[in-house]
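1. only geometry, no sequence info:
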Ligand code: F6R
């Protein structure tokens, strides 16, 4: 979803801005644009479609400005078009802005500004911002260094909704102003130059030192300094945070696609997730957590709230937390949770899972849980992301940047992290036999090697994908924890192959969905829970009888002649099996998408980071 880049320094800004936008392509977008300042004049260039189309614009090479803002737009208000692309400027071209987020009251503001004589040339909500800044700038009678900032602040006071705004102006051609509310934005600190981005990977090749700007804070950037202000325009101090990710970790590294790279990165990602949290002698350890037995004894419910794949990781987490900690655990979709007045109070622990840490619904759900007095814990991959600034506690997956829209290593590292968390709680609560804990810890440590082993099914999966890539519907079945993996496998397939797919609890089949099974349809079964093998096999038998073709992902010894294809994966404690059994499903959706000639990393209509509701 929309991306922002900004540069102020000594170098020509346009190549840096376009390079940054190219690194943000994975977020999903439909148009792009840049604005630079030269001799007090703002030059705006925009295109519909890919960032690289900017290179074809007449005059793009002649932009000499060393200050600029840039944007990739994902349409919310108004169709994807050059006109609607950002940057937008005010009528007199004195202010240019790029904006992520949604201005909910833009219609009222547009009416107000129209009455004042302003004209609008796009269908966007964003275009009101530079005009509103212009309106307030005109009203300023004090002509000092803060004049533009005051106008921006006054304009922001009128905005309802979410925004990360980057502004340049001919009135202060050596400065850039940024502000954020409920939309991500970071500032990269360089030497005699500074950067802005909605996403760290876009500017990681330029700097590893970042300032994190909070909601309703403003930053004024010059080449040599960044000054921060609160919403009363009082100066505030910020410390520089150093990010450990390397620039190459955000590149393809010889793989055809980021998704394939990230599937292969899972063993290492999980090693990083485990880190020093599972010491050989002694209990699980989280540097940032200080839960006590008394507190855990006092809670009567855990809620796990997330969206999409992160929610599927939560479903696995529920199984593990209930098994080990004996605390009732509910999983909810963030966009549902936030609007249904959930029954939570001071005795509820709410866990929010989000790879990006910027998902609007998940953050809103977290804020609601806090209002209701619950303790909140965020599981995320992005240090300093918005969610971490809201939650009482934050723990990190440390999986490295995930660029492909379809989440892979984030899911497996989330499952591993929540498993370690469950063990940490169980050790404090003494809720389960120590032998079980010991066994699980040993099994977690073996997961990276077992994923490496699992990835070897690649060729078999590729072969299978050639047989099914033209299918219209594919079904996924599983029982217990395998059902949660079926849901994730089905989501992955829909997302990047555009094949309609459904996942069902295998036992639920007879209650309706079996009516859809007809000759030749493909059904994928996941069978890893030893206690449910026979029941799962019977359910698969039911679809075979009705003519389905079957692919079974299993670590059990099943009769070979029953099924069309069996993919054998390494054995593991069934509670952790999703970390292994999801891998063939990730590869399957990847290879089907490739067979269909689709853009694996940037599926249609989807964005990596869903920062609007
Ligand atoms: C699916 C996928 C999405 C995300 C969801 C939540 O492959 O990537 O379903 O899991 O949008 O995103 P985060 O985890 O960033 O909150």
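-> Thanks, I have it. Bear in mind the structure is a predicted one, so any value in this text is a computation, not a measurement.

2. for the rest of this, base every contact and every neighbour count on C-alpha atoms.
-> OK.

3. poorly predicted segments of the stretch 101-250 of the chain, please.
-> Applying pLDDT under 70 to the stretch 101-250 of the chain picks out residues 246-250.

4. which bits of the stretch 451-600 of the chain sit near the ligand?
-> Listed as neighbours of the ligand in the stretch 451-600 of the chain under the rule C-alpha under 6 Å from any ligand atom: residue 492.

5. got it, and the chain?
-> Within the chain, the positions near the ligand by C-alpha under 6 Å from any ligand atom are 307-310, 354-357, 359, 405-407, 492, 609-610.

6. confidence-wise, which of those comes last?
-> Among the residues of the chain next to the ligand, residue 609 has the lowest pLDDT, at 75.

7. for that residue, phi and psi?
-> With angles defined as degrees, to the nearest 10, residue 609 sits at phi -120, psi 110.

8. again, but for residue 301
-> phi -160, psi 140.

9. so it sits against residue 346, correct?
-> No: the pair residue 301 and residue 346 fails to qualify as a contact (C-alpha atoms under 8 Å) at a distance of 10.0 Å.

10. of these two, who's got more company?
-> residue 301 (19 against 15; other C-alpha atoms under 10 Å).

11. which residues touch the residue nearest the centre of the chain?
-> Residue closest to the average C-alpha location in the chain (C-alpha atoms, centre = their mean): residue 356, at 3.5 Å. By C-alpha atoms under 8 Å, 6 or more residues apart in numbering, residue 356 lies in contact with 380, 381, 382, 385, 609.

12. cool, and residue 355?
-> Per C-alpha under 8 Å, 6+ apart, neighbours of residue 355: 310, 379, 380, 381, 382, 410.

13. number of residues surrounding the fourth one?
-> Translated: residue 381. Around residue 381 there are 25 other residues, counting by other C-alpha under 10 Å.

14. and for the residue of the stretch 451-600 of the chain found nearest the ligand, the neighbour number?
-> With C-alpha to the nearest ligand atom, the shortest gap between the stretch 451-600 of the chain and the ligand falls at residue 492, namely 5.8 Å. Number of residues near residue 492 (other C-alpha under 10 Å) recorded here: 26.

15. check residue 434 too.
-> Neighbours of residue 434 using other C-alpha under 10 Å come to 12.

16. roughly how far does it sit from the ligand?
-> Distance, residue 434 to the ligand, by C-alpha to the nearest ligand atom, to the nearest Å: 32 Å.

17. identify each buried residue in stretch 572-588, please.
-> Buried residues in stretch 572-588, defined by neighbour count with 16 or more other C-alpha atoms under 10 Å: 572, 574-588.

18. gap between that stretch and the chain center?
-> Chain-centre distance of stretch 572-588: 21 Å, with C-alpha atoms, centre = their mean, to the nearest Å.

19. distance of the residue nearest to residue 405 when sequence neighbours are not counted from residue 309?
-> Once flanking residues are discounted, residue 405 sits nearest to residue 608: 4.7 Å by C-alpha to C-alpha, 6 or more residues apart in numbering. Here residue 608 is placed at a distance of 12 Å from residue 309 (C-alpha to C-alpha, to the nearest Å).

20. same check on residue 546?
-> 31 Å.

21. could you do residue 543 as well?
-> Distance from residue 543 to residue 309, by C-alpha to C-alpha: 27 Å.

22. over to residue 470?
-> 25 Å.

23. which residue of the protein sits farthest from its center?
-> The chain, C-alpha atoms, centre = their mean, max distance from centroid: residue 141 (43.7 Å).

24. can you tell me the SS state at that one?
-> Assigned with DSSP: H, G, I helix; E, B strand; the rest coil, residue 141 falls in the coil class.

25. and this structure, what are its domains?
-> 3-249, 252-432, 456-595 (automatic domain parsing).

26. poorly predicted segments of the chain, please.
-> For the chain, counting by pLDDT under 70, the residues that fall below are 1, 27-28, 246-250.

27. now with 80?
-> 1, 26-29, 75-76, 201, 244-254, 383-384, 560-561, 607-613 (pLDDT under 80).

28. so how far is stretch 596-608 from its chain's centroid?
-> Centre-to-centre, stretch 596-608 and its host chain are 15 Å apart (C-alpha atoms, centre = their mean).

29. what sits against the residue in the stretch 201-350 of the chain that the ligand sits nearest to?
-> Of all residues in the stretch 201-350 of the chain, residue 308 sits closest to the ligand, at 3.3 Å by C-alpha to the nearest ligand atom. Taking C-alpha under 8 Å, 6+ apart, we find residue 308 in contact with 333, 491.

30. same check on residue 347?
-> Contacts of residue 347 (C-alpha under 8 Å, 6+ apart): 298, 299, 300, 301, 374, 375.
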